[in-house]
Structures are given as C-alpha cells and as structure tokens.
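> need coordinates for the following:
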Amino acid sequence: MGANYINFKATELVGSIRGTLTLEERNNGLVIEGQLSGIPVGKHGIHVHEYGSTGNECLDAGGHYNPTNVSHGAPTDAERHIGDWGNIDVDQDPYMLSFSDHVAKLTGPYGIVGRSIVIHRDEDDLGRGNSPDSKINGNSGPRLACGVIAVDGDWMSEDAAPRKSSLDV
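Modelled structure (predicted):
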C-alpha cells in the first residue's frame, strides 16, 4: 500500500526546514510519524490548518481547522479543534516524531486530507493562557513550516477507505 504525502515548505525567515511526515489511520487513531531537520530546539505548536495552501509564508493555510466551532485545546481535551495536536518537543536535529490523535481522520465529514499542517515558532499553551488568543491558537506564534496533506500513490485499502497519508518538508 502506498502512502499519502504532505510536502512541508519552510518560510524564508527560518531557512531550510525539511522532512517527511506519514499519517496513517490505525486502531488507536491517526498516527503521525516522521523526521524533521532544521527545526530549532524547543517546543513548537503543531496543528492542522483549514486550507491546503502554503503560500505567503504559510499564512495562506488560514487558521486552525475548526469545523465544529469550539475553543482551542490540548490533544487530550474533550473540546478542541480537530487539528489541535499540541507541541513537538525538538531536542536534536534531525528530530524524530511519533504521536497519535484520536480525533482527526484522513477522510469523512471532517477529514484533513487537502488541508495543511503547520509547525509554529512557539510552544502551544493548549488553550490555558490568559490572553484571548489562547482559546483561538494557543499563542503558538508565527509559522515556521507548513505542508499540504495530499495523496501520493495508491492509498486505498481493500474496502476503499483511505488509511494513510504523508508529508514532505
């Protein structure tokens, strides 16, 4: 079975952020795995954004994907945006990442294929900060890198339900 790929695009402000993320639906939810290089050491918010566009230094990706119109939260919160994936805690370059999410799905009524993944400069406060932006975007700051969640190759299972997607940075 092939994979779906997201191609990350680094903004000119940061330099060369590269890598590949693979998104696969498994029994424990959507699993996001991959390797990134060029990301500064520290915690960085990572989210699914509403549009599948990487232009204008990732601003064309729009805001957080929030079709249910709820407040920003942590990945473990009952109420949160579909793509509220919290933080990656980069401790070395290259950085290997692996986490799962129980809310996001590749396809379906609120599917994320065709949308963007954005990595932000700052740590996501998970909606617990004191400013109004905390409940909107977690105060995670400017965008470092982004990529569109797109299909690459044969990613259909025997029952024709998409199971896998990936992202190149």
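> the residue nearest in space to the middle of the chain: helix or strand, and which one exactly?
Closest residue to the average C-alpha location of the chain: residue 117 at 3.4 Å, with C-alpha atoms, centre = their mean. If you go by DSSP states H and E, residue 117 is part of strand 116-120.
> buried stuff in that strand?
116-120 (16 or more other C-beta atoms under 10 Å). Glycine gets a C-beta too; all of them are placed from N, C-alpha and C.
> got it, and stretch 22-36?
For stretch 22-36, using 16+ other C-beta under 10 Å, the buried residues are 22-25, 30-32, 34, 36.
> for stretch 47-63, same thing?
Buried-residue list, stretch 47-63, by 16+ other C-beta under 10 Å: 47-54, 57-59, 61.
> quick one: end-to-end length of it, please.
9 Å (C-alpha to C-alpha, to the nearest Å).
> contacting residues around it?
Residues from elsewhere that reach stretch 47-63 (C-beta atoms under 8 Å, 6 or more residues apart in numbering): 7, 9, 11-13, 64-66, 81-85, 104, 112, 114-118, 120, 124, 136-138, 140, 143-150.
> how far off centre is the strand holding residue 117?
From the chain centre to the centre of strand 116-120 is a distance of 5 Å (C-alpha atoms, centre = their mean, to the nearest Å).
> strand partners (parallel or antiparallel) of that strand?
strand 42-49 (antiparallel), strand 143-150 (antiparallel) (DSSP bridges).
> who's in contact with the helix or strand following it?
Where DSSP H and E defines the elements, the next helix or strand beyond strand 116-120 is helix 134-137. Under the contact criterion C-beta under 8 Å, 6+ apart, helix 134-137 has outside partners 45, 47, 63-64, 71-72, 125, 127-128.
> quick check: which element contains residue 89?
Using DSSP H and E, residue 89 sits within strand 84-90.
> quick one: strands adjacent to that strand?
strand 42-49 (antiparallel).
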